[in-house]
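Participant: Provided below are the primary sequence and the corresponding predicted coordinates.
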2 protein chains.
Amino acid sequence: MKKSRFSPETYIQGILNGDRMLLSRAITLVESTLEEDQTLAGQVMEGILPFSGNSIRIGITGVPGVGKSTFIEKFGGLIVESNHKLAVLAVDPSSQQSHGSILGDKTRMESLAADKRAYIRPSPAGKALGGVSAKTREAMLLCEAAGFDVILIETVGVGQSETAVRGMVDFFLLLMLAGAGDELQGIKKGIIEMCDALVINKADGSNLEAAKLAMRDYANALHLFQAKESGWSPRVMTCSGLEGRGLAKIWNVVEEYRNVMQLNGFWQQNRQSQRIQWFDDHIRYLLESKFYQNPGVKLRLSEVLPGVQSGNLSPIKQAEELVQGFLNRAK
Amino acid sequence: MKKSRFSPETYIQGILNGDRMLLSRAITLVESTLEEDQTLAGQVMEGILPFSGNSIRIGITGVPGVGKSTFIEKFGGLIVESNHKLAVLAVDPSSQQSHGSILGDKTRMESLAADKRAYIRPSPAGKALGGVSAKTREAMLLCEAAGFDVILIETVGVGQSETAVRGMVDFFLLLMLAGAGDELQGIKKGIIEMCDALVINKADGSNLEAAKLAMRDYANALHLFQAKESGWSPRVMTCSGLEGRGLAKIWNVVEEYRNVMQLNGFWQQNRQSQRIQWFDDHIRYLLESKFYQNPGVKLRLSEVLPGVQSGNLSPIKQAEELVQGFLNRAK
C-alpha cells in the first residue's frame, strides 16, 4: 500500500460508522500481500467480526453473455428500493488472463454505482483463486460490519469459482439463457446442482416463448436431481434484466428462502459449516504463503527447479527436502 | 500395511524385472499413509525414476453410462495385440461417496484382466482427490519402470479429476454419446477444451446415424475453441466399443499425435511442465499432511473447532495461531 495506514481502531470505528472511504481502504488492506498489511488486516477483521453476519448473502453466476451486469444493475436497484443497503462484490479468477475484472470499471452498472445505498467493489486482480476467494469472504464481512444487509457476490460461471462462492453465500442464483440451442451452455451439471434458483434471463421480445419453454425444461430436469440437504426445491423462473421484469418475484423467493431456512435451522447450520470451511481454507492458504515467501525456500527452489523440470531430480524427493528444510528453519 | 515390507532394492529390482507381485506391493506402499511406508515408498520412487517415462500416457474420461469399461477392454485388447504392454489405472475421487471404485472388481474387463500383457490396477479408495491423483502419478511411474509402455488412466468425467489427469498424461481422450438429446451430457466445456480426441461411442445399430450427426456437430463446435498450445487440432471420431469398430483409427491418431508432438517439441515441453506441476502439488500435499498429522495441531484443533463453528472465535485468527504454533513446534 502506498497510502499511509491507519490504526486498527480507526478502520474499525470508521467501518462501524459506515464510512465508505475507510471500508474501501480496509478491503484494499485485506487484499494486500505485504506482511505488515496482513497483520493490520487481521486486527481489523478481529475487531469487526462480532458486527458481521447480519446480511443475506447471495451468489450470482452465469456464463459471459448471459446479462449479469444488467441483471445486477436492475435487481440491485430493486433491492435498495426495498430499503436495503446493498454491496456487490466479485470473484473472478480469470480476470488476470483475459477479460479484465468483470466489474472492472463501474460504468457497466452506472445507476447502481451512483446510488448511495449501494457499494460496488471490483474484483481483486492478478491473484490465485484461493487467495481471491479468501479476500472476497473478508470483504463481505467488512461490508456487513459497515451496515450492508444484502451482499451480492458475482462470479463468471465457467470455472471453479462457483464452488468457492457457493461456500460463502446463503443463496445461490444461476442465470441462464433460453434457446441458445445447447441447453447447458457450458455450465456443468455440478453448478446447476448447487443453485437455489435458476433464472432464465432475457425473457423479453421475441425470446419470451423460448424462455418459457426453457423454464419448463429446466424445471423438469431439476426434479431429477437429488434433494438438497436444506430440503429446498430450487426454483426455476424467467426474468428480463433489460426490462426489469420478474425481478420482484426473484427477490420474494430469496426472502422466502431466508424465512424457511431460518425456521428449519438450515440457515444457521450452513453458516456454521461455512465457517469451518473458511478456517480450513485459511490454514491451507497460510501454510502455502508462508512456505513460498520463506527466503530459504525461495533460494533452494531456484536451485532445484531446473533439475526437477528436466527430470534429473525427483519431484517427490525435492519436495520432501524443501518442506522438511522449511519446517526445520521455522522459528 | 499388514504384510511385511521388503528392502527398497528388492522392490526396485523386482519392478525393473517386471515382477507384477512386487509392482502391486510397491503401488500399495505408495498409497499407504503410514510414515514408515511413505519413507520406504520415497526410496523406491527415487530408485525407479530414471527408468520411468518411456510410455504413451493416455487419459480417458466420459460420464457414467458412456461405455468406458467396454471401450477400455476392447481398445486395450487392440493395444496389446500391437505388441505393447498396457497398464490401466483409475482416478476416482467419488468412489468413497457412491459408486465404489470404477475398476472395483476387474470382472468388468474380464478378458483384458486375464491378458498377461496387461495390468489393471483399481483406484485407491477413500482418499481426497489431491492424494489420489498424487498416488496415481506415482503408480504410473512404477508401471513404466516395470516395462509398461502404454498407460491408460481412467477418470469419471463428472468432477475435478479430469484436470488432475490432464496434468499427468500426454493425450486426453473424451468419450461421448450421441443423441442423448442434450449434447453436452453434463460434461463441462472446460473438459471438452482439454481433449485431444473426442470420440462418440456406441456408434452401432440404430445409433449409427445419430453418432455420425453428433460427430459433425462436435467437429463444428471444436473449431470455435481456441487453438491449443500444442498446435494440435482435436480429432472427432466415432467408435463402437461393443463391436470393436473404429478403435484402430483411434490408436493411429494417438500414434500420430506422439510423432508430431515429439517432432515439434511439445511432447517434451508438456512433460517438463507436468513435472513442475507435480512438484508443486507434492509440496502442497506435504505441507497439509504434516500439519494435520501433527499431535499438537490435532489437540489444539479439537479445542478451537467448536468456537470457530459457532462464530465465537475468528477463523482467521485461529488459523494464524495454529499455523504459527505448528511452525514454532516443528523440529
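Facilitator: Yes, it's here. Bear in mind the structure is a predicted one, so any value in this text is a computation, not a measurement. Residues are numbered from 1 along each chain as shown, chains lettered A, B, ... in the order given.
Participant: Disregarding flanking residues, what is the spatial nearest neighbour of residue A:115?
Facilitator: Counting by Cβ to Cβ, 6 or more residues apart in numbering or on different chains, residue A:80 is the residue found nearest to residue A:115 once chain neighbours are left out, at 5.8 Å. Placement of C-beta: from N, CA and C, glycine included.
Participant: Chain B versus that neighbour, what's the distance?
Facilitator: Separation of residue A:80 from chain B (Cβ to the nearest Cβ, to the nearest Å) stands at 27 Å.
Participant: before we move on, what about residue A:164?
Facilitator: Taken as Cβ to the nearest Cβ, the span from residue A:164 to chain B is 13 Å.
Participant: now that residue, what's its secondary structure?
Facilitator: Counting by DSSP: H, G, I helix; E, B strand; the rest coil, the backbone at residue A:164 sits in helix.
Participant: My guess is it contacts residue A:133. True?
Facilitator: Yes - Residue A:164 lies in contact with residue A:133 (Cβ atoms under 8 Å); the separation is 3.8 Å.
Participant: quick one on the thing from earlier: so how far is the helix or strand hosting the residue nearest to residue A:115 from its chain's centroid?
Facilitator: Per DSSP states H and E: residue A:80 is located in helix A:68-81. Averaging C-alpha positions (Cα atoms, centre = their mean, to the nearest Å) puts helix A:68-81 17 Å from its chain's average.
Participant: what about the strands in the stretch 1-150 of chain A?
Facilitator: A:56-61, A:86-91, A:118-120, A:150-155 (DSSP state E, counting those that start in this stretch).
Participant: Now do the helix holding residue A:80 and strand A:150-155, the angle between them.
Facilitator: Going by axes from the mean of the first three to the mean of the last three Cα atoms, to 10 degrees, helix A:68-81 is angled at 170 degrees with respect to strand A:150-155.
Participant: List the buried residues in helix A:68-81.
Facilitator: For helix A:68-81, a neighbour-count test (16 or more other Cβ atoms under 10 Å in any protein chain shown) marks A:68, A:69, A:70, A:71, A:72, A:73, A:74, A:75, A:76, A:77, A:79, A:80 as buried.
Participant: what is the orientation angle of that helix with strand A:56-61?
Facilitator: Going by the same axes, to 10 degrees, helix A:68-81 makes 160 degrees with strand A:56-61.
Participant: which secondary structure elements does helix A:68-81 contact?
Facilitator: strand A:56-61, strand A:86-91, helix A:110-114, strand A:150-155, helix A:247-264 (3 or more Cβ pairs under 8 Å, 6 or more residues apart in numbering or on different chains; DSSP states H and E).
Participant: Swap in 10 Å and give it another go.
Facilitator: In terms of contacts (3 or more Cβ pairs under 10 Å, 6 or more residues apart in numbering or on different chains; DSSP states H and E), helix A:68-81 is packed against strand A:56-61, strand A:86-91, helix A:110-114, strand A:118-120, strand A:150-155, strand A:171-176, helix A:247-264.
Participant: so the host helix or strand of residue A:290 versus strand A:56-61, what angle?
Facilitator: Using DSSP H and E, residue A:290 sits within helix A:266-293. Orientation of helix A:266-293 against strand A:56-61 (the same axes, to 10 degrees) gives an angle of 60 degrees.
Participant: what's the offset of the following helix or strand past helix A:266-293 from the middle of its chain?
Facilitator: Using DSSP H and E, the next helix or strand after helix A:266-293 towards the C-terminus is helix A:295-310. Put simply, helix A:295-310 sits 34 Å off its chain's centre (Cα atoms, centre = their mean).
Participant: Say whether chain B is contacted by helix A:295-310.
Facilitator: Yes - Helix A:295-310 is in contact with chain B by Cβ under 10 Å from any Cβ of the partner chain, via A:297, A:301, A:304, A:305, A:306, A:307, A:308, A:309, A:310.
Participant: elements contacting the helix or strand just after that helix?
Facilitator: Remark: after helix A:295-310, the chain's next helix or strand is helix A:315-329, criterion DSSP H and E. Taking 3+ Cβ pairs under 10 Å, 6+ apart as contact, the helices and strands that helix A:315-329 lies on are helix A:266-293, helix A:295-310, helix B:35-48, helix B:129-145, helix B:266-293, helix B:315-329.
Participant: rewinding a little: avg pLDDT for the helix holding residue A:80?
Facilitator: When pLDDT is averaged over helix A:68-81, the result is 94.
Participant: Show me the domain layout of chain A.
Facilitator: Dividing chain A into domains by the TED database, as the record does, gives the ranges A:1-51, A:52-264, A:294-330.
Participant: ok now the longest one, how far from the chain's centre?
Facilitator: Meaning domain A:52-264. 10 Å.
Participant: got it, and the last one?
Facilitator: Its chain's C-alpha centre lies 34 Å from the corresponding centre of domain A:294-330 when counted by Cα atoms, centre = their mean.
Participant: Give the buried residues for it.
Facilitator: A:294, A:297, A:300-301, A:304, A:308-309, A:311, A:313-320, A:322-323, A:326-327, A:330.
Participant: Just give me the closest of the buried residues of helix A:68-81 to residue B:243.
Facilitator: If you rank the buried residues of helix A:68-81 by distance to residue B:243 using Cβ to Cβ, residue A:68 comes first, at 46.4 Å.
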